[in-house]
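# sequence? don't have it. structure:
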């Protein structure tokens, strides 16, 4: 775990992302998803116990912000950070829009463009407010 401390994350159902539960991963947690007491195992058990995730032959875990699936030890290392939201599924694909590298910014976007608020110049009839 980062800094040798327990890590607080949020686990939600992929199919119903409004159902969430906090999970604290202890410092002894292993990143390898195939090992005993791994992050994968603890996240699945939390989802089964607290979110009533149905039994399945295969469980999948995704990062909520970009839809990346956590399959390998390296994936878990990259994804686990403070306050990350993980989505657990009973085998179904990720529900949501996947974000590509670059944050979804249009290639022709101008980050230096000016923004002007015209609302302060608009006359407001005082009778319309009451």
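In hand now; what should we look at? The structure displayed is predicted, hence computed values, not measured ones.

# make it CA atoms for all contacts and neighbour counts henceforth
OK.

# quick one: what helix or strand has residue 44 in it?
helix 39-50 (DSSP states H and E).

# Which strands or helices does the helix or strand that comes right after that helix pack on?
Under the assignment DSSP H and E, the closest C-terminal helix or strand after helix 39-50 is strand 60-63. For strand 60-63, the contact count by 3 or more Cα pairs under 8 Å, 6 or more residues apart in numbering; DSSP states H and E identifies strand 85-89 as packing neighbours.

# now what about the lowest-mean-pLDDT helix or strand in the chain, what contacts it?
Counting by mean pLDDT, DSSP states H and E, the chain has its least confident helix or strand at helix 126-129, which shows a mean of 76. Here helix 126-129 makes contact (Cα atoms under 8 Å, 6 or more residues apart in numbering) with no residue beyond itself.

# How about it, which residues are buried there?
Neighbour counts over helix 126-129 (16 or more other Cα atoms under 10 Å) mark no residue as buried.

# So what's the gap between it and the chain middle?
45 Å (Cα atoms, centre = their mean, to the nearest Å).
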